[in-house]
Each structure stands twice: as structure tokens, then as C-alpha cells.
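*Asks:* Quick one: sequence and predicted model below, then my questions.
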Amino acid sequence: MKTTRVNLIIKLVSIFALIVAVAGCGSSGSSNSVSSNRQYTGSWTLRASASPGTYGEGGLFDVTYSSGQFVAVGVAFTVNTSYGIVTWSDIIQTSPDGITWTSHALPAGTSGTSIAESAGLNGVTYGNGQFVAVGTSYNVNGNGSDTWSDVILTSPDGITWTSRALPSDGTSGKDSDLTSGILEGVTYGNGQFVAVGGYWTTTSGANNTTINTWSDVILTSPDGITWTSAALPSGTSGTSTNSSVTEAGLYGVTYGNGQFVAVGEYLITTSGANNSTTTTWSDVILTSPDGSTWTSRALPSGTSGTSANSSVTDTGLYGVTYGKGQFVAVGGSFNYNNNGSNTVILTSPDGITWTSPVLPSGMFGSGINGAYLVNVIYGNGYFVAPGCYYTANNSSGTWNWTDVIVTSPDGITWTSAALPSGTSGTDSPAINQLDSVAYNSGTFVVVGNLGQILTSP
């Protein structure tokens, strides 16, 4: 998961490192544009600094603009360190200018308790006269009856929100050993809302084996109220045995050039003999003309692979947008051994044939392999993608985080923007990253973990 997952991954990495001494870190759309072949030079202003106060280890995970206001969604967490129980509450905030924000009351089912930072609102969009927000809920009920459920909320004005019923297949479940699902992104196009996500289940098998079952999820709706599960092509679900790590799902979706494009990942690490592991991973792109019939697309080299004893803990595509006659998808990988992240950017004129642009060496600074990009948007003649990179403090067991925003006039040539103070730190008390970006009338708004907000110009 591109949002709440980041804190959980870092914690799991730290624990795994202590045990085995190795370890493995979309709102999208287009806006009125101005043709430009120059790099974006607008400055960025920090409007709300990263703080664990209101948000705990949560934050704002997506933002969109329509009907005269920015709408941001996310979650606040309070962690009971004695019992490992997390109290969570969904958050929706609105702003006319990206500077002054107001929180709004939400309906029942948007707060509860969980065993990890596994709940929250992750995506928001506007279409057909209303806002639609998507995410997941998780509740600890005890006695092996913990439950999870995907969540969809709608609002005509961004202020008053209503929960909507979902189809039963793959949108809720009971936590037997480990079961979880999540809706990550949502968009509107061609008269349809399309929401994307995934679910996975870990159960115990014979002779101390574990069985992981996973599947991507796509839901469609003409009005945001009545939702239907879409049939997906082969390769978007599966089962594996003795997988110590399974990450799978669709994280971003957009509409452009007559079709929907959804992006995501799968990553499976399987235990072998003599404490060895094998990691199989692949980025994923699906396309559809109507939101109901989907096709998997081939991707360039470097977007899939298998490695032995790898410490890659996460890899995938997390955001996609359409602008200036092309689709742009962004993502990255987090790897403990190489002390940070790697950047993935793909472009396509049609959503079918994809190319990886060559990124400049040292784009994020000396010794930094790359950044983990979480979202992308096109506005005012530029593609803008926020994210982060991490480096390990091996002596203290902590991590340094640094926010990044990269921009491009064409999706091919990219530059890392200078950011103000307050956009880097350590993971004490929590990890931070920039998660999403929206645009309106000359202003970009970026939101992130721990409630961080930046605007430009």
C-alpha cells in the first residue's frame, strides 16, 4: 500500500534486521495546461509541517480540486505501545486556497481500532457532481473475529459525507491469521467512477507451511453510490506457499485518451533452504476503455525480476496521470541493503507501449540512488510528482527521511525541486513522506504523512 504501509514497512524492516541481520519504504488527473519546454521554477512553501500530534503516524494521503476547493483525505492514528493496538479515525479536510484548512465530521464506520496502521482514506476524486473518497476500515473485536472492510464515501460539497454499500467479493473479510484489503485510488472518466485496490490472505497449512492468496480489486460506479466488481485478467491474482512477504494491489488510476489506466505491483518473498529467500516482483499496468474490461500491458526491462536473498521490501507503481498527450506513471522500490530507494518513471502515448526515460545521475544528491515517488499530476504545463527517500542510521537503528518533489515539462526530462526546511528528519517518532498532489489556477498543493502540506507558487 502506498500510504499507511510506509510506517509499517520501516518497523518490519527494523525488526527483521535485528533477527537475521538483513532487512528488506493516486489521485491523478489533468488540468488546464500551458505549453512549456522549460523546467518548473516555482518555489515551494511549507504550510503545515510534519507532526505526529493530530495524526499520530497517519497523515493526509490524497488531495484533489474541484468546485472551488481542495479536498484532502487521510487518517489519524493513536498507538498504544503497551498492547500494539492502534486507534484510528478517518480525516477529510477542505481548503479554498491550499493554505487554510477545515476538518469535517464523517459518518459511522470511519473510526475504530486495528492491530497496525492498516486503516484510513487513501484516495479522492470528483465527477458527476460529487466527491468520492475511498479507503479501508479495520476493527479489533477479539477472539479471532477481527474484521476489515473497504470504505467508499460520497459528498456533493466536500463537507457532508455519506457511506456507500459495496459488493461483497473482495471488499471485506475476517482476520483469521492475517487478512487485509484496501482501496487505494479512485478516478472519474467516460461517465464512470473507477476505484482500485487489492486484498491478500495468509493462512496456515500443513507441516508449518503458510499459504498466501492475493488479488487486485477494481470497482466501478456510474454515480458513486452503486458499485460493481470488475473482472480482471490473468496475473492479477494468485496463491503462493511459504511466502514471508506478499505485497500486491493496484494503487493508482487515471483516465485519458479514451481509456482508464491503473498501476500497481506484486512482490512475493519465499523462504528456502538454509535460511535463503527468493523474491519475485513486478510492476503492473492495466488498461480499459470502459472500466469493466481490463487488459494487462507489457512493461520495459527493470520493472520486474527475481533475486536471491534480496532485502527489497517494497516495489511498484503508485501513481499515474495523463497530460500533454501522454500517460506518466511513477513509483520506486525500497531496499535496505542499498541504503535507500530507487526511482521508476514510465511514459506512454497510448497506455499500451511504455518507455523508461533516463534519469540524471545524482538527481537527489550524492550517494542517493533514487526516491520513492508516490503520485503524479499534470498542471500548468508540468508533470509534478511527490515522494521521499530514506537512508539508514545503522548505528542508532533509525532512518533519515527526505521529502522530494520532481517536475518535468514533458515526462522525460526531470528535475528535483528545492524544498524548504522542515521537509526532512528522522523516524523518531515517525516516518514521513509526501503522498499526493493537486492543481488549480496556478497553485500546486502537495500533502503527506503526519499532515504535511506544501504549496507552489
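*Replies:* Structure's in. What do you need? Residues are numbered from 1 along each chain as shown.
*Asks:* all strands for the stretch 101-250 of the chain, in order.
*Replies:* 102-103, 111-114, 120-127, 130-139, 147-155, 162-163, 172-174, 178-189, 192-204, 210-221, 228-229, 237-241, 243-256 (DSSP state E, counting those that start in this stretch).
*Asks:* Which one of these lies nearest to residue 390?
*Replies:* For these, proximity to residue 390 was assessed by CB to CB; strand 243-256 is nearest, at 16.9 Å. C-beta: built from backbone N, CA, C; applies to glycine.
*Asks:* which sections of the stretch 301-450 of the chain are below the confidence cut-off?
*Replies:* 310-314, 334-340, 394, 428-431 (pLDDT under 70).
*Asks:* Turn the strands of the stretch 101-250 of the chain into a markdown table, including distance to residue 421, mean neighbour count and mean pLDDT.
*Replies:* As requested, the strands of the stretch 101-250 of the chain are exported to a markdown table (distance: least, CB to CB, whole Å; neighbours: other CB atoms under 10 Å; pLDDT from 0 to 100):
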| stretch | distance to residue 421 | mean neighbour count | mean pLDDT |
| --- | --- | --- | --- |
| strand 102-103 | 26 | 12 | 94 |
| strand 111-114 | 34 | 18 | 83 |
| strand 120-127 | 28 | 28 | 97 |
| strand 130-139 | 31 | 25 | 92 |
| strand 147-155 | 35 | 21 | 91 |
| strand 162-163 | 40 | 14 | 98 |
| strand 172-174 | 43 | 16 | 67 |
| strand 178-189 | 31 | 25 | 85 |
| strand 192-204 | 35 | 23 | 88 |
| strand 210-221 | 40 | 21 | 90 |
| strand 228-229 | 46 | 15 | 96 |
| strand 237-241 | 45 | 15 | 83 |
| strand 243-256 | 30 | 25 | 85 |
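*Asks:* Residue 274: which of the ones you listed is closest?
*Replies:* Nearest of those to residue 274, taken as CB to CB: strand 243-256 at 14.8 Å.
*Asks:* Can you name the next helix or strand after that closest one?
*Replies:* Per DSSP states H and E, the first helix or strand lying C-terminal to strand 243-256 is strand 259-271.
*Asks:* between that following strand and strand 210-221, how many degrees?
*Replies:* Here strand 259-271 runs at an angle of 170 degrees relative to strand 210-221 (axes from the mean of the first three to the mean of the last three CA atoms, to 10 degrees).
*Asks:* any chance you could map the helices in the protein?
*Replies:* Along the chain, counting by DSSP state H, helices occupy 5-20, 52-55.
*Asks:* pretty sure residue 73 contacts residue 94?
*Replies:* No - counting by CB atoms under 8 Å, residue 73 stays clear of residue 94, with 10.3 Å between them.
*Asks:* Comparing the two, which shows the higher neighbour count?
*Replies:* The neighbour comparison of residue 73 against residue 94 (other CB atoms under 10 Å) goes to residue 73, with 29 against 20.
*Asks:* Give me the pLDDT for the more buried one.
*Replies:* pLDDT, residue 73: 97.
*Asks:* one step back: ok, of the helices of the chain, where does mean pLDDT dip lowest?
*Replies:* The bottom spot among those, by mean pLDDT, belongs to helix 5-20, with a mean of 38.
*Asks:* I figured residue 447 was touching residue 433, is that so?
*Replies:* No - Residue 447 lies out of contact with residue 433 (CB under 8 Å); the separation is 10.7 Å.
*Asks:* residues contacting the closest residue to residue 237 other than its chain neighbours?
*Replies:* Of all residues beyond its chain neighbours, the one nearest residue 237 is residue 215 (3.6 Å), with distances taken as CB to CB, 6 or more residues apart in numbering. By CB atoms under 8 Å, 6 or more residues apart in numbering, residue 215 lies in contact with 170, 198-200, 232, 236-238, 248.
*Asks:* for residue 355, same thing?
*Replies:* Per CB under 8 Å, 6+ apart, neighbours of residue 355: 300, 346-348.
*Asks:* Give me the distance between it and residue 342.
*Replies:* The gap separating residue 355 from residue 342 is 17 Å, by CB to CB, to the nearest Å.
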